[in-house]
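**Q** Starting from these lines, generate the structure:
(chains A and B)
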Amino acid sequence: GENVGLHLPTLSVQEGDNSIINCAYSNSASDYFIWYKQESGKGPQFIIDIRSNMDKRQGQRVTVLLNKTVKHLSLQIAATQPGDSAVYFCAEKYTSYGKLTFGQGTILTVHP
Amino acid sequence: DTAVSQTPKYLVTQMGNDKSIKCEQNLGHDTMYWYKQDSKKFLKIMFSYNNKELIINETVPNRFSPKSPDKAHLNLHINSLELGDSAVYFCASSQEGATGEETQYFGPGTRLLVL
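**A** Take a look at the predicted model:
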């Protein structure tokens, strides 16, 4: 299987620090990208999205950066709080096809 | 109000049994999905329906049969359950925007354990 033997990347930060979660996407034709947050026992929750004609988009405390040259996406969380602790997924889509493909996920742990 | 709801939340059953999971969305979306999340948190699409029509069918065993009675509901029936079917199953829905963007909204998940 695609993820047999793999462990999720983890990021541990102190409350108040800034967090950066990285994602490498696979399809150079993808033109729409989303970050999701999944808390324990819950479904993925939309955080922020970005289209391929942009390289940066800001939300409340979150910023997504897109580098199409190296097929890299990052999520920056400012002043990280314990409530930000979760698994974060990036997802990519080639809009003409319609399928959203999820990345591996990163576990973020915020220590008080 | 729950936007995307699934029942049951937990499902424990014996190998070989047949079971169904139900999903409903009250967002007025045209498209609904089923995803499977394995023990390593990998999230993979299984099916997608648009206005009751199947549009995505990934390489899923034919023991899995989705049914969409109307665009607000997408149910998943699983025949002859196997140990490897144990996972969390998520339903999602979306409405495609004018330029192709599509935020999918997920349900709370159904935790299936096959013994």
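
**Q** the bottom helix or strand of chain A by mean pLDDT?
**A** Least confident helix or strand, chain A: strand A:100-102 with a mean of 89, by mean pLDDT, DSSP states H and E.

**Q** How about chain B?
**A** strand B:53-57 (a mean of 83).

**Q** Give the residue spans of the chain that score low on pLDDT.
**A** The chain I'm using is chain A. Where chain A drops to pLDDT under 70, the residues are A:1-6, A:95-98.

**Q** ah, I was thinking of chain B
**A** B:1-2, B:97-101.

**Q** What residues does it have near chain A?
**A** Residues of chain B lying close to chain A (CB under 8 Å from any CB of the partner chain) are B:4, B:31, B:38, B:40-45, B:48, B:55-56, B:90, B:92, B:96, B:99-109. (Each C-beta comes from the backbone N, C-alpha and C, glycine too.)

**Q** Out of those, which end up buried?
**A** B:4, B:31, B:38, B:41-45, B:48, B:56, B:90, B:92, B:101-109 (16 or more other CB atoms under 10 Å in any protein chain shown).

**Q** Just those: which are in strands?
**A** Using DSSP state E, B:Val4, B:Thr31, B:Leu43, B:Lys44, B:Ile45, B:Ser48, B:Ile56, B:Phe90, B:Ala92, B:Tyr105, B:Phe106 are the members of those that sit in strands.

**Q** coming back round to it: can you tell me what sits against the least confident helix or strand of chain A?
**A** The contact list for strand A:100-102, computed with CB atoms under 8 Å, 6 or more residues apart in numbering or on different chains, reads A:25-27, A:30, A:34, A:36, A:89-93, B:42-45, B:102, B:104.

**Q** what number of residues lie near residue 12?
**A** I'll assume chain A. Residues lying near A:Ser12 (other CB atoms under 10 Å in any protein chain shown) number 12.

**Q** Actually, chain B is the one I wanted.
**A** As a burial measure, B:Val12 scores 12 neighbours (other CB under 10 Å).

**Q** likewise the one 5 residues further on?
**A** B:Asn17 is surrounded by 13 other residues when neighbours are defined as other CB under 10 Å.

**Q** Give me the nearest residue to it, chain neighbours excluded.
**A** Closest residue to B:Asn17 apart from its sequence neighbours, by CB to CB, 6 or more residues apart in numbering or on different chains: B:Leu81 at 5.2 Å.
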